[in-house]
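> just a sequence and a predicted model for now, questions to come.
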Amino acid sequence: MSDWSPQQRAFEDFEVGQAILTNGRTLDQADINLFAGLTGDQYPLHVDEMYASGTRFGGRIAHGPLTFCIAVGLVGSSGWYGTCIEALIECRTLRALAPVRDGDTLRVRATVSQVEPHKSPKYGVLHVDYDVINQKDESVMNFHWIMLARRRTPLEGADD
């Protein structure tokens, strides 16, 4: 962990190994039902307890994309990136490792794994590994997130 000011962050402020552990967010069935309604994914494993109780999970579980969205939101709302993120470039190797259920509390351990220059001298490319953990500190999902981040000072020769 390092000392940083959320509003003033720029690409230059991120170093490989820098990490954050977010606050927690407890999911409830209303979150799962709202996500099902928003996306149209009414798969019975998420919204039908009688069906879900007969599956290998023994009850309803959250949608994987819901867990992903909550993880992105937890890191974003922490202020860790400040306002330096210009755009999402890519999400790699998303893995759902364990079911997330009504009542689980999720946190995210995000770690900078790579920083690299971008073709535009105004930006850098930031690679961050997200590990989504539950209240038992078990990993439930992980993914590699790649973003375009603004530099505080563009490199010499910035034309665009």
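Arrived safely, thanks for sending.
> per-residue confidence for the most centrally placed residue in the chain?
Centroid-nearest residue in the chain: residue 72, 2.9 Å away (criterion: CA atoms, centre = their mean). Note on residue 72: pLDDT of 97.
> buried residues in the host helix or strand of it?
According to DSSP states H and E, residue 72 maps onto helix 64-78. Within helix 64-78, the residues that count as buried by 16 or more other CB atoms under 10 Å are 64, 66-68, 70-72, 74-75. Using the backbone N, CA and C atoms, a C-beta is placed for each residue, glycine as well.
> what is the nearest of those residues to residue 134?
Taking CB to CB as the measure, residue 134 lies nearest residue 67 of these, at 9.8 Å.
> list the contacts for that closest one?
Taking CB atoms under 8 Å, 6 or more residues apart in numbering, we find residue 67 in contact with 96, 100, 106, 132, 140-141.
> turn those into TSV, including neighbour count.
Shown next, in TSV, are the contacts of residue 67 (neighbours: other CB atoms under 10 Å):
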residue	neighbour count
96	17
100	23
106	22
132	27
140	22
141	22
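> spatially, which two of those are the most separated?
Within those, 96 and 106 form the most distant pair, 12.8 Å apart (CB to CB).
> give me the common contacts of the two.
With CB under 8 Å, 6+ apart, residue 96 and residue 106 have common neighbours 67, 140.
> how about the strands of this structure, start to end?
Along the chain, counting by DSSP state E, strands occupy 19-21, 25-26, 85-96, 105-117, 123-133, 139-150.
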